[in-house]
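Peer 1: Let's see this in three dimensions:
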Amino acid sequence: MPEHGYSQDLSDLPPRLLIDGQWRDAADNRRIAVENPATGREIAQVADAATPDGLSALDAACRAQAHWAGQPPRYRADLLHRACDRLLAERDRFARVISLETGKPPGEARAEVDYAAGFLRWFAEEALRIHGREQPAPGGGMRQIISRWPVGPCLLITPWNFPLAMITRKVGPALAAGCAMVLKPAEQTPLTAILFCRLMQEIGLPPGVLNLITTTRAESVVGTLLSDGRLRKVSFTGSTRVGRLILAGAAATILRSSMELGGNNPFILFDDADLDRAVDSAVQAKLRNLGQACTAANRFLVQDGIAAAFTSRLTERFAALPPDSLGPMIDTAARHNLHGLVQETVARGATLVLGGEIPAGPGYHYPPTILTQIPPDAPILHREIFGPVAPIQTFATEADAVTMANDSDYGLAAYACTRDLDRVMRLQAGLQTGMLGINTGIISDPAAPFGGIKQSGLGREGGVEGIDEYLTTRYTAIAAPPAPSH
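Peer 2: So this is what the prediction gives:
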């Protein structure tokens with residue numbers, strides 16, 4: 001029976017690498033098996049790139065760089081608009097592939113396609129707004145010209161949890177800025193990347209501007225590219241652990257780096273909040289993509305006066321969700337690690353309110369789970385959960401909530417539910433986080449800068465700030481001509 005009602009026919013997808021406009025097998029002909037985590041069954045095999053393939057992809061990007069950088073902004077903008085329109089026209093096709101290789105329900109997969117298209121549309125418009133300035137030197141004697149230029153060939157490394165949106169969030173600004181690139185998607189989800197790169201070919205992107213390498217040998221392939229002085233930027237979305245390794249590799253050539261890393265995001269609920277709206281927001285913040293999102297709420301901090309009511313209402317909502325409305329964990333290792341974390345927390349004295357058991361049947365499913373009475377030193381409060389588990393803590397005062405929220409090495413996102421506008425302004429100033437959602441569980445948007453502080457990363461994606469990551473600034477001093485004599 002087709003998963004999620006989708007056919008599994010993937011025969012029209014080229015299971016190869018895209019290098020300099022040509023689809024080719026890996027140098028040693030190795031393959032990656034791709035499986036559907038909703039069933040645990042293999043659905044395809046794709047090329048498994050080796051180090052020579054990565055270098056060939058970088059060669060192609062370097063050859064294409066000058067030509068692409070020299071294209072008029074309007075040309076780059078028009079191409080991105082075509083990509084957006086084509087992606088939306090093929091929404092169902094992309095959603096089907098996303099659903100097959102991630103297990104996402106169709107509604108979530110289609111929503112990701114729309115989200116991904118938004119980045120192409122946004123950066124099509126930003127391509128026309130790469131501005132510089134010209135000014136007199138304050139001391140006189142010269143004119144100063146400040147201009148923006150493409151940073152150069154880029155390596156873009158994307159994760160499995162949003163296999164299309166995380167590509168367009170990087171490829172969009174790179175193309176708009178005038179950068180050629182090598183794209184390395186997660187090994188669990190290469191099919192969406194292949195389909196996207198074929199789309200870009202078909203709408204007329206010149207060969208070599210976007211090159212695709214799918215690989216299980218990331219340490220070797222990526223390490224070699226990072227040490228190559230021709231590469232001028234790396235953008236990575238993934239775990240903080242891997243981000244540290246990439247930053248260490250980037251240090252050798254002082255490589256421009258953007259890192260969108262892990263989070264330990266607090267969801268703070270004050271007793272003056274609208275409880276109905278707060279529960280809606282909590283479900284959004286916790287269960288989008290089954291909690292497998294860097295913006296997912298990790299810790300629920302609930303004021304004493306509303307804690308019992310919130311816990312009861314959230315339990316009812318979680319328990320009432322139809323199983324087919326939720327996707328699976330990405331693989332068996334992710335589910336095993338999550339279940340071990342739940343078991344450890346209960347062993348430390350926490351109360352298991354809901355869930356916490358691996359269901360029978362195929363695939364890597366895990367139920368929405370709620371924990372209370374959690375010891376403050378429990379590891380679940382201090383690491384990224386990346387799954388449908390909601391640990392609930394209580395607090396007495398606003399100051400307590402801010403202290404608890406900031407007690408983390410991460411600083412990606414935070415959420416708060418309150419009707420007090422003065423409190424909102426205090427939270428905006430006091431919470432150590434790159435992003436803050438008030439009375440909502442969804443904060444991501446192509447027009448807004450996405451990113452964190454502390455060990456959650458460097459740089460921003462999206463918004464007017466997103467294209468800056470792919471531009472470098474040049475300053476030219478021009479001696480002023482002698483003043484005319486009269």
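
Peer 1: Roughly how far does T215 sit from G349?
Peer 2: 44 Å (Cβ to Cβ, to the nearest Å). (Glycine included, C-beta is placed from N, CA and C.)

Peer 1: out of these two, which sits in the more crowded spot?
Peer 2: Using other Cβ atoms under 10 Å, the more surrounded residue of T215 and G349 is T215, with 25 against 10.

Peer 1: For A177, see how far away I467 is.
Peer 2: From I467 to A177 the distance is 5 Å (Cβ to Cβ).

Peer 1: what do those two both touch?
Peer 2: Jointly contacting I467 and A177 under the rule Cβ atoms under 8 Å, 6 or more residues apart in numbering are A127, I130.

Peer 1: Just want to know which of those two has more residues nearby.
Peer 2: A177 (29 against 22).

Peer 1: Might you report the residue contacts of the spatially closest residue to A416 that is not a sequence neighbour?
Peer 2: Spatial nearest neighbour of A416, excluding adjacent residues (Cβ to Cβ, 6 or more residues apart in numbering): I268 at 4.4 Å. Residues in contact with I268, defined by Cβ under 8 Å, 6+ apart, are L301, V302, A401, A405, A414, Y415, A416, C417, L427.

Peer 1: ok but I268 is inside a strand, no?
Peer 2: Yes. Under DSSP: H, G, I helix; E, B strand; the rest coil, I268 falls within a strand.

Peer 1: Give me the distance between it and L287.
Peer 2: 18 Å.

Peer 1: got the contact list for stretch 474-486?
Peer 2: By Cβ under 8 Å, 6+ apart, stretch 474-486 touches P136, A137, G140, G141, M142, R143, Q144, I145, I146, S147, R148, W149.

Peer 1: Helix, strand, or coil at the last one?
Peer 2: On the three-state scheme (three-state DSSP), W149 is labelled strand.

Peer 1: If it is in a bridge, with which residues?
Peer 2: Beta-bridge pairing for W149 (DSSP bridges): T472.

Peer 1: So it sits against T472, correct?
Peer 2: Yes. Using Cβ atoms under 8 Å, W149 is in contact with T472, at 5.5 Å.

Peer 1: so what's in contact with those two at the same time?
Peer 2: Contacts common to W149 and T472, judged by Cβ under 8 Å, 6+ apart, are absent.

Peer 1: Where helices are concerned, which of the contacts of I268 count?
Peer 2: Secondary structure from DSSP state H places A401, A405, L427 of those in helices.

Peer 1: any idea where the strands of the stretch 151-300 of the chain begin and end?
Peer 2: Using DSSP state E, counting those that start in this stretch, the strands of the stretch 151-300 of the chain run over 154-157, 181-184, 210-212, 233-237, 256-260, 265-269, 297-303.

Peer 1: Each with direction, which strands does the first one pair with?
Peer 2: Applying DSSP bridges to the sheet, strand 154-157 is found paired with strand 181-184 (parallel), strand 233-237 (parallel).

Peer 1: any idea which of those strands is most buried?
Peer 2: strand 181-184 (a mean of 27; mean count of other Cβ atoms under 10 Å).

Peer 1: follow-up on the earlier one: of the contacts of stretch 474-486, which is the most crowded?
Peer 2: In terms of neighbours by other Cβ under 10 Å, these top out with R148 at 18 neighbours.

Peer 1: Leaving out sequence neighbours, find the closest residue to that one.
Peer 2: Take R148 and drop its neighbours on the chain: the residue closest to it by Cβ to Cβ, 6+ apart is L471, 4.5 Å away.

Peer 1: same check, this time on Y470
Peer 2: In space, Y470 is closest to A177, 3.7 Å off (Cβ to Cβ, 6+ apart).

Peer 1: So the one you found sits against R256, correct?
Peer 2: No. Assessed by Cβ under 8 Å, A177 is found out of contact with R256, at 11.8 Å.

Peer 1: what touches both of these two?
Peer 2: When Cβ under 8 Å, 6+ apart defines a contact, the residues bordering A177 and R256 alike are V151.

Peer 1: Could you identify the pair within the contacts of stretch 474-486 that is furthest apart?
Peer 2: G140 and W149 (27.4 Å; Cβ to Cβ).

Peer 1: among the contacts of stretch 474-486, which are in strands?
Peer 2: Taking DSSP state E, the ones among the contacts of stretch 474-486 that sit in strands are P136, M142, R143, Q144, I145, I146, S147, R148, W149.

Peer 1: Hmm, G132 and the fourth one touching each other?
Peer 2: No. Taking contact to mean Cβ under 8 Å, the distance of 10.4 Å between Q144 and G132 leaves them out of contact.

Peer 1: so what's the residue nearest the centre of the chain up against?
Peer 2: Nearest to the geometric centre of the chain sits M166, at 4.7 Å (Cα atoms, centre = their mean). Neighbour list for M166: T158, P159, T237 [criterion: Cβ under 8 Å, 6+ apart].

Peer 1: what's the neighbour count on Q45?
Peer 2: Per other Cβ under 10 Å, the neighbour tally for Q45 reads 13.

Peer 1: now it: how far from A38?
Peer 2: Using Cβ to Cβ, Q45 is found at 18 Å from A38.

Peer 1: what does P367 give?
Peer 2: Distance of P367 to A38, given as Cβ to Cβ: 15 Å.

Peer 1: Look at these two and report which has more neighbours.
Peer 2: Taking neighbours as other Cβ under 10 Å, P367 and A38 compare with A38 leading, 22 against 18.

Peer 1: Any figure for the gap between that one and P359?
Peer 2: Here A38 is placed at a distance of 12 Å from P359 (Cβ to Cβ).

Peer 1: what do the two both touch?
Peer 2: With Cβ under 8 Å, 6+ apart, A38 and P359 have common neighbours H365.

Peer 1: all strands in the stretch 1-150 of the chain, in order from the N-terminus.
Peer 2: Ranges of strands in the stretch 1-150 of the chain, per DSSP E, counting those that start in this stretch, are 17-19, 22-24, 31-36, 41-47, 133-136, 142-150.

Peer 1: Let me have the ones you listed in CSV, adding mean pLDDT and distance to A480 as columns.
Peer 2: Converted to CSV, these look like this (pLDDT from 0 to 100; distance: least, Cβ to Cβ, whole Å):
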stretch, mean pLDDT, distance to A480
strand 17-19, 98, 49
strand 22-24, 98, 52
strand 31-36, 96, 60
strand 41-47, 96, 58
strand 133-136, 95, 8
strand 142-150, 97, 5
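
Peer 1: Wait, G387 touches L287, no?
Peer 2: No. Contact status for G387 versus L287: not in contact, 10.0 Å apart, counting by Cβ under 8 Å.

Peer 1: coming back round to it: and of the ones in helices among the contacts of I268, the nearest to I246?
Peer 2: Nearest to I246 among the ones in helices among the contacts of I268: A405, at 27.8 Å, using Cβ to Cβ.
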